[in-house]
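Asker: Next input, structure requested:
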Amino acid sequence: MAKMTYRDAVRAGMREALVNNPLVFLMGEDVGRYGGTYACSKGFLEEFGPERIRDTPLSESTFVGAGIGAALGGMRPIVEVMTVNFSLLALDQIVNNAATMRHMSGGQFSVPLIVRIATGAGRQVAAQHSHSFEGWYAHIPGIKVLTPATVTDARGMLLTALKEPDPVFIFEHAYLYSMDGELDEALSVDISTAAVRRRGNDVSLITFGGSLWKSLQAANGLAEEGIDAEVIDLRVLRPLDVATLLGSVKKTHRALIIDEAWRTGSFAAEVSAQIMEGAFYDLDGPVSRLCSAEVPIPYAKHLEDAALPNVEGIMKAVHDVLRKGT
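Answerer: Here you go, the predicted model:
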């Protein structure tokens with residue numbers, strides 16, 4: 001296994017795809033000459049040329065729509081959206097076109113499109129660039145929604161997604177780009193199952209994306225107190241691997257869901273409902289959720305830190321879950 005950053009793992013996955021399949025091309029704002037807002041496509045323009053590394057105008061609806069058209073025409077486009085808040089400008093193309101095409105054509109057309117979107121807070125980029133809308137997209141039938149949190153998943157999920165006949169949306173938490181990790185190139189990464197990142201018996205910590213590493217750190221802190229937490233990385237929000245999360249809850253009998261989105265209408269609420277429907281009689285206490293404060297994410301660091309789920313907050317929430325248990 002090789003050690004690399006999450007950013008380099010994303011880059012390695014895209015480069016492998018570009019080398020091995022002439023139908024693959026990358027398009028988005030600043031992906032070419034600038035090398036990508038997060039340096040994920042650095043050097044690609046020089047290596048693959050402007051036909052396959054396409055800088056686009058600042059118009060998400062236009063270039064996501066162009067990606068849909070290219071996919072319908074037989075290409076395998078990777079579309080990069082700079083931050084998740086900008087993806088809202090392309091919702092018509094995503095919801096009314098990409099997600100519906102197979103159904104509305106009676107299965108005659110497919111849209112083999114990948115959309116990569118930087119998401120999440122924690123970088124002091126203020127309220128308009130710190131959203132976590134993964135749960136919104138997971139609401140939409142017709143697309144897959146992935147949230148890779150490890151270096152291996154950052155590379156492997158992209159390569160697996162390129163084999164899909166329908167749209168795949170990959171949400172890369174921007175805080176993870178500089179994170180180091182071990183890349184297992186031999187591992188075949190699926191895009192249909194959750195992963196048990198830490199096994200335990202006392203409580204299930206269920207999370208995804210940028211909150212995974214906070215949850216693992218909290219689990220290590222809880223272990224020093226004699227609390228054995230299991231950590232579930234959902235990885236795939238649509239289709240949700242309900243079997244894995246229910247299996248964990250049926251073992252530990254307690255659940256805390258950590259989600260960087262706002263609590264009201266969050267994906268954490270969906271996970272909670274799945275647990276209540278599928279494992280109610282296995283619970284020793286109510287399902288708990290830890291989400292971001294219901295405010296636009298502040299710019300000031302101390303306020304931003306206070307608004308987001310953190311390690312100390314997760315540990316405190318676990319103590320509350322255990323206290324409420326029978």
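Asker: average pLDDT for stretch 230-246?
Answerer: For stretch 230-246, mean pLDDT is 98.
Asker: Any idea how far apart the tips of it sit?
Answerer: Terminal residues of stretch 230-246 lie 12 Å apart, using C-alpha to C-alpha, to the nearest Å.
Asker: which parts of it are buried?
Answerer: Buried positions in stretch 230-246, judged by neighbour count with 16 or more other C-beta atoms under 10 Å: 230-238, 240-241, 244-246. For every residue, glycine as well, the C-beta is placed using N, CA and C.
Asker: what does stretch 60-72 give?
Answerer: Across stretch 60-72, burial judged by 16+ other C-beta under 10 Å covers 60, 63-68, 70-72.
Asker: between the residues you listed, which is nearest Glu182?
Answerer: Taking C-beta to C-beta as the measure, Glu182 sits nearest to Gly67 out of these, at 32.0 Å.
Asker: Just name the closest of the buried residues of stretch 230-246 to Ala149, please.
Answerer: Taking those together and measuring to Ala149 by C-beta to C-beta, the closest member is Asp233, at 5.9 Å.
Asker: Look up how far Arg11 lies from that closest one.
Answerer: 22 Å (C-beta to C-beta, to the nearest Å).
Asker: Ok, Ala269 next?
Answerer: 35 Å.
Asker: In terms of packing, which of those two has more residues around it?
Answerer: Ranked by neighbour count (other C-beta atoms under 10 Å), Ala269 and Arg11 place Arg11 first, with 23 against 18.
Asker: Point out where this protein drops to low pLDDT.
Answerer: Applying pLDDT under 70 to the chain flags residues 325-326.
Asker: mind listing the strands for it?
Answerer: 2-5, 24-28, 53-55, 76-81, 114-119, 144-146, 168-173, 180-183, 195-198, 203-207, 229-233, 236-238, 255-262, 288-292 (DSSP state E).
Asker: ok, the residue nearest to the spatial centre of the chain - contacts?
Answerer: Nearest to the centroid of the C-alpha atoms of the chain, with distances taken as C-alpha atoms, centre = their mean, sits Thr147, at 1.9 Å. Neighbouring residues of Thr147 by C-beta atoms under 8 Å, 6 or more residues apart in numbering: 134, 170-171, 173, 208-209, 234-237.
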